[in-house]
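1. no letters, just coordinates:
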């Protein structure tokens, strides 16, 4: 009978040791089956393959430009802007055409003033960084502008949501003139604890119809945005044990007004207490709500300081201008 000539693991180790020693990677210590610590590191690095493609860390999607119509009418250099909303007063009567005491009508204008604020950051790199980029493939003059723009748009996202009271800039999620509906009041209780398909659907209709009911149909919402936990609930919760249709689909099929739905993580802690989610229903129209951008993300020419290259960046932003709060509704307490 022939014996298989398959080398044992011990023999393989010995062969590997000889190859390593001949190749100059280090002496294999047969007693402990390992190279010296520093020699192991050299060997390990020599077998590493570094991908040329850089993988970027993912962050939440920026939604402000999608949710709120952008207005770029305000020129760069303006420190504030004024929005005028016109109304009228007066009436007409049935009367004598020869009469002199005709009822008159009046034009009534309301103004609201908002600030334009600069949002700033920048980036820098050295001459040496440019040489390093040739070796590493990581070019700061390409990557850092992207980071500067992203971080600036993160700030814009926060401003569009909550404004900034220190600079008198308004946001979309905390306007005192917008009607607020509460769980346990106009709405049922907490969806996450006691919500059923039927109660959630009823609440969604109350929120979606609220503007039309309050204004006798003059204004009606067409968009609803949700915090993540409530979005997850209504997109997966079946309407009933006899109807597997998700609550959200059921709502969109039956709502006379709401046609657009979005999820926005900044709503997760947007309620009045700052510790729970808020649903917002509104008409996505520039007559109702608009985001004021006076100057988009801009990089100034590079500034050379000895071996350092600095690039200042800025935007000019006016927050959120809510012109018709009656066309909006907030709903709190459904996911606390």
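-> All right, it came through fine. Here the structure is a predicted model, which means the values were calculated and not measured.

2. distance check, residue 258 against residue 250.
-> Separation of residue 258 from residue 250 (CB to CB, to the nearest Å): 12 Å. No exception for glycine: its C-beta is placed from N, CA and C like everyone else's.

3. also residue 300?
-> Plainly put, residue 300 is 52 Å away from residue 250 if you go by CB to CB.

4. quick one, which of the two is more surrounded?
-> Looking at residue 300 and residue 250 with other CB atoms under 10 Å, you find the greater number of neighbours at residue 250, namely 21 against 11.

5. what is the neighbour count of residue 325?
-> 17.

6. identify the residues contacting the host helix or strand of residue 292?
-> Under the criterion of DSSP states H and E, residue 292 resides in strand 289-299. Applying CB atoms under 8 Å, 6 or more residues apart in numbering, the external contacts of strand 289-299 come out as 64-65, 68-72, 74-76, 78, 81, 114, 116, 145, 148-149, 152-153, 160, 172, 282-283, 311-324, 327-328.

7. in helices only, show me the residues you listed.
-> For those, the ones inside helices are 64-65, 145, 148-149, 152-153, 160, with DSSP state H as the criterion.

8. and for residue 205, nearest residue in space, chain neighbours not counted?
-> By the measure of CB to CB, 6 or more residues apart in numbering, the closest residue to residue 205 outside its immediate chain neighbours is residue 255, 6.6 Å from it.

9. what's the spacing between stretch 98-114 and its chain's center?
-> 43 Å (CA atoms, centre = their mean, to the nearest Å).

10. can you pull the buried residues of that stretch?
-> Judged by neighbour count using 16 or more other CB atoms under 10 Å, the buried positions of stretch 98-114 are residue 114.

11. what's the answer for stretch 143-157, then?
-> Taking 16+ other CB under 10 Å as the basis for neighbour counts, the residues of stretch 143-157 that come out buried are 144-145, 148-149, 152-153, 156-157.

12. give me the contacts around that stretch.
-> For stretch 143-157, the surrounding residues in contact (CB under 8 Å, 6+ apart) are 54, 59, 62-64, 119, 121-125, 266, 297, 299, 311, 313, 315, 317.

13. now, those residues that are in strands?
-> The members of the contacts of stretch 143-157 that map onto strands under DSSP state E are 119, 121-125, 297, 299, 311, 313, 315, 317.

14. most neighbours among those, which one?
-> So for those (other CB under 10 Å), the most neighbours sit at residue 317, 25 neighbours.

15. all helices of the stretch 151-300 of the chain, in order?
-> When assigned using DSSP state H, counting those that start in this stretch, the helices of the stretch 151-300 of the chain occupy the ranges 191-194, 197-214, 228-236, 247-254.

16. mean neighbour count, those helices: which tops it?
-> For the helices of the stretch 151-300 of the chain, ranked by mean neighbour count under the definition mean count of other CB atoms under 10 Å, the leader is helix 197-214 at a mean of 20.

17. how about the secondary structure of residue 83?
-> Here residue 83 takes the strand state, with states given by DSSP: H, G, I helix; E, B strand; the rest coil.

18. stretch 119-127: how far from the chain's middle?
-> The chain centroid and the centroid of stretch 119-127 are separated by 24 Å, computed with CA atoms, centre = their mean.
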